[in-house]
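>>> A predicted structure for the sequence below; I have some questions about it.
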Amino acid sequence: MFSIVRVNMTDLSVKHEAVPEAYQGLGGRGLTSTIVAREVNPGCSPIGPNNKLIIAPGLLGGTNCANSGRISVGGKSPLTGGIKEANSGGQAGQYLARLGIAAIVVEGQPPQDKLFKLFLSKDHAEISPADELTGKGNYDTVDRLKDEFGVDCGYITVGQAGEWKLSGASVAFTDRELRPTRHAGRGGLGAVMGSKGLKAIVVDPAGGESAPIVDKDAFKAAAKRFAKALQDHPVTSQGLPTYGTDILINIINEAGGLPTRNFSAGRFEGADKVGGETLHKITVERKGDPTHGCMRGCIINCSGIYVDQKGGYVSKWPEYETVWALGPNCGIDDLDAIARMDRACDDFGVDTIEMGAAIGVAMEGGLKAFGDAAGAEEILSQVGKGTPLGRLIGSGAGAVGRAFGVSRIPVVKNQALPAYDPRAVKGQGVTYATSPMGADHTAGYAVATNIMKVGGYVDPLVPEGQGKLSGDLQTATAFIDTAGLCLFVAFPVLDNPDAFTAVVDMVNAKYGLSLTGDDIGALGQKILGIEQDFNVQAGMGKAADRLPEFFTTEKLPPHNQVFDVPEAELDSVLLFK
């Protein structure tokens, strides 16, 4: 029997409650967004006592479904001012599901400057002081927690940025080796956790059981079909396992959509030096690990381990968006420097996309020269020190652009655009503009169809058809996030109809339902509608669902295109505006 764990930081109480009828049949993003919409006043301060932090595994969490251990973190975003769900890998998603926890809801606020940790196990829940963790980075925090609670737990933490409530702060989740390398990065939800005085959540899975399944035979058969689809698709069985997500550097660069030097060009002359092929080659030469999964049950294994020239651990393989943000976006072609900055972001607890975008904007504002890797590392170090400059950078690209008087600020709803220029990948531009989450590539990954020709093909350089493409993908993604599946399952799902059917069959078998594909689409639409309605109530009108002006006026080399998808087509994606 699943329950919701209510954590009240005002009176330091923890209680389990039955899942209300309004939240039945939901998990992951569907559950976090529904709780936020029903329980959080859209006008509240994101870092005040009336916001809530929700952490929820997906509908398929706690099962042997491949790649089903993702976890959603939700709340009102300190960065965008609207609703937010940020998604992460790591161990906590499976652990919480095995403990029968549908969601953790953290509410209230303790006395200022007081820090606490929450311990959850099968039979026990307790809040205790965490003063000894004050000012610690995520790596040091987890090391200290391991000494206290052991190596068989999963750890959810915030670094200094979360404690200081910076709007670029992330929530860290430990991986299989108990490193805090998996992050719910986008939207500043680490600041919400920090505002609750919650430094860490310890999840002890001992005694937990696999999630109950109504029809085990049907589930097993569907799970086998789904796993085979992942193992047969070239992206999930060859490209990602070999080169990681960084395989995209050279692909997007060739397409002319790799944002370079703060979105001033679409190709970077040093792309090959930081691409997935080079990342793989360096890792093998240095005897690192080129094939690693961020969570148990992953059969894609796209996350390697990056080591230095002496073979010492530096960080997990930087994701494509991280390599881009801290690399080409800043004119940097040094993988070692990028990996060190990735490690620093994980330690301080900040979103790598937001930090790379902020540094790129600062470089355009004259703080450092584009291409200055040492300068970028020095800027980033200020975030961990909490200097005035560090707090500004840690507040994101929008804040930095305003402070430095920069006109080219690549944000939507104040959240930085990721690694695909919307002038060269126009379906992705529609997603950036219209997603309730702010600029977010994962919300509707049109790159798959625009560039990789997965699920068909829509020419990335023409405006026609991009609204429907993005809208359909946003609907599908809302369900994938609700199920707790890794986004990369979308590749076989888009190309292989039976992969999608297998997912529906697993949900039906687990819960004893008879959902159809149309029901799944309706659920995705419902979730998007809930999120869009919250943003309307928070004061976001149609103007918030547009790209910055420079994308529509400045031509992007090499294609010399502007973003010209008509506003009417953008509006067609929106349900409530």
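Done, it's in.

>>> can you tell me the closest non-neighbouring residue to I527?
A478 (4.2 Å; CB to CB, 6 or more residues apart in numbering). From N, CA and C alone the C-beta is placed, and that goes for glycine too.

>>> what of N138?
Using CB to CB, 6+ apart, the nearest residue to N138 is P180, at 3.8 Å.

>>> burial of that neighbour, as a residue count?
Other residues within reach of P180, judged by other CB atoms under 10 Å, total 27.

>>> correct me if wrong: it contacts T174.
Yes: between P180 and T174 there is a contact under CB atoms under 8 Å: 5.6 Å.

>>> and the gap between F226 and G58?
Note on F226: its distance to G58, by CB to CB, to the nearest Å, is 14 Å.

>>> show me where the stretch 1-150 of the chain has helices.
28-39, 92-98, 138-149 (DSSP state H, counting those that start in this stretch).

>>> can you name the residues in contact with the shortest one?
The reference is to helix 92-98. 55-58, 61-63, 68-71, 104, 120, 153-156, 173-174, 201, 203-205, 208-211, 295-297, 484 (CB atoms under 8 Å, 6 or more residues apart in numbering).

>>> over to the first one?
Contacts made with helix 28-39 from outside it, assessed by CB under 8 Å, 6+ apart, are listed as 22-23, 26, 52, 54-59, 61, 70-76, 83, 85, 87, 102-103, 105, 107, 478-479, 481-484, 523, 527, 530-531, 533-534.

>>> and that helix, how far out from the chain's middle?
16 Å (CA atoms, centre = their mean, to the nearest Å).

>>> return it as PDB; C-alpha atoms alone will do.
Taking Å, rounded to 0.1, in the frame of the first residue of the first chain, the C-alpha atoms of helix 28-39 are listed here in PDB:
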ATOM      1  CA  GLY A  28       6.500  11.200 -11.000                       C
ATOM      2  CA  ARG A  29       5.800  14.500 -12.800                       C
ATOM      3  CA  GLY A  30       2.000  13.900 -12.900                       C
ATOM      4  CA  LEU A  31       2.000  13.600  -9.100                       C
ATOM      5  CA  THR A  32       4.400  16.400  -8.300                       C
ATOM      6  CA  SER A  33       2.600  18.900 -10.600                       C
ATOM      7  CA  THR A  34      -0.900  17.800  -9.300                       C
ATOM      8  CA  ILE A  35       0.200  18.300  -5.700                       C
ATOM      9  CA  VAL A  36       1.700  21.700  -6.500                       C
ATOM     10  CA  ALA A  37      -1.400  22.800  -8.300                       C
ATOM     11  CA  ARG A  38      -3.800  21.700  -5.600                       C
ATOM     12  CA  GLU A  39      -1.700  22.700  -2.500                       C
END
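
>>> list the buried residues of stretch 106-116.
Residues of stretch 106-116 classed as buried by neighbour count (16 or more other CB atoms under 10 Å): V106, E107, G108, Q109, P110, L115, F116.

>>> what sits against the residue nearest to N138?
N138, Y139, T141, V142, Y155, T157, A172, F173, T174, D346, D347.

>>> double-check that it belongs to a helix.
No: looking at P180 with DSSP: H, G, I helix; E, B strand; the rest coil, it is coil, so not inside a helix.

>>> distance-wise, check it relative to L335.
21 Å.

>>> OK, contacts around G62?
Per CB under 8 Å, 6+ apart, neighbours of G62: Q94, A97, R98, G208, S210, A211.

>>> could you find the closest non-adjacent residue to it?
Nearest to G62 is A97, by CB to CB, 6+ apart, at 3.0 Å.

>>> need the pLDDT of the one you found.
Reading off the confidence values, A97 has pLDDT 96.

>>> pull the number of nearby residues for it.
Applying other CB under 10 Å, I find that A97 has 29 neighbouring residues.

>>> how close does it sit to F173?
14 Å.

>>> tell me the buried residues within the contacts of helix 92-98.
Counted by 16+ other CB under 10 Å, the contacts of helix 92-98 give 55-58, 61-63, 68-71, 104, 120, 153-156, 173-174, 201, 203-205, 208, 211, 295, 297, 484 as buried.

>>> could you pull out the strands in the stretch 1-150 of the chain for me?
Remark: strands assigned in the stretch 1-150 of the chain by DSSP state E, counting those that start in this stretch are 3-8, 13-18, 53-57, 71-76, 83-88, 101-107, 116-120, 125-129.

>>> of all those, which one is nearest A399?
strand 83-88 (17.1 Å; CB to CB).

>>> ok, and what's touching that closest one?
By CB under 8 Å, 6+ apart, strand 83-88 touches 28-29, 32-33, 36-37, 70-77, 170-171, 173, 182-189, 436-438, 442, 481, 487, 531, 534-535, 538.

>>> for the record, mean pLDDT for that strand?
For strand 83-88, the mean confidence score works out to 97.

>>> now swap in stretch 161-178 and tell me
97.

>>> same question, stretch 405-413
Mean per-residue pLDDT for stretch 405-413: 98.

>>> identify the residues contacting G190.
V158, G159, A161, G162, L166, A169, S170, V171, A172, A184, G349, V350.

>>> can I assume it sits in a strand?
No: under three-state DSSP, G190 sits outside any strand and is assigned helix.

>>> where's E209 relative to A483, distance?
Counting by CB to CB - E209 and A483 are separated by 20 Å.

>>> likewise G256?
Going from G256 to A483 by CB to CB gives 34 Å.

>>> repeat that for D143.
For D143, the distance to A483 - CB to CB - is 33 Å.

>>> same question, A191
In terms of CB to CB, A191 sits 27 Å off from A483.

>>> who has more neighbours, the two?
Neighbour totals were compared for A191 and A483, and A191 leads with 32 against 25 (other CB under 10 Å).

>>> for N50, give me its contacts.
V40, N41, C44.

>>> let's see it at 6 Å
N41, C44 (CB atoms under 6 Å, 6 or more residues apart in numbering).

>>> the closest residue in space to V307 that isn't next to it in sequence: neighbour count?
With CB to CB, 6+ apart as the criterion, V307 has its nearest non-adjacent residue at 4.0 Å, and that residue is G288. When counting by other CB under 10 Å, one arrives at 21 neighbours for G288.

>>> G288 and I300, how far apart?
Taken as CB to CB, the span from G288 to I300 is 18 Å.

>>> quick one: the strands in the stretch 301-450 of the chain?
Under DSSP E, counting those that start in this stretch, the stretch 301-450 of the chain gives strands at 305-307, 313-316, 411-412, 415-416.

>>> comparing those strands, which comes out most buried?
strand 415-416 (a mean of 30; mean count of other CB atoms under 10 Å).

>>> got a list of contacts for that one?
L79, T80, I353, E354, A357, A397, G438, A439.

>>> please enumerate the helices of the stretch 151-300 of the chain.
Counting by DSSP H, counting those that start in this stretch, the helices of the stretch 151-300 of the chain are 160-163, 189-195, 216-232, 234, 240-243, 248-254, 271-274, 276-285.

>>> redo these as JSON lines? Include distance to S514.
Formatted as JSON lines, the helices of the stretch 151-300 of the chain follow (distance: least, CB to CB, whole Å):
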{"stretch": "helix 160-163", "distance to S514": "43"}
{"stretch": "helix 189-195", "distance to S514": "35"}
{"stretch": "helix 216-232", "distance to S514": "11"}
{"stretch": "helix 234", "distance to S514": "33"}
{"stretch": "helix 240-243", "distance to S514": "33"}
{"stretch": "helix 248-254", "distance to S514": "38"}
{"stretch": "helix 271-274", "distance to S514": "48"}
{"stretch": "helix 276-285", "distance to S514": "42"}
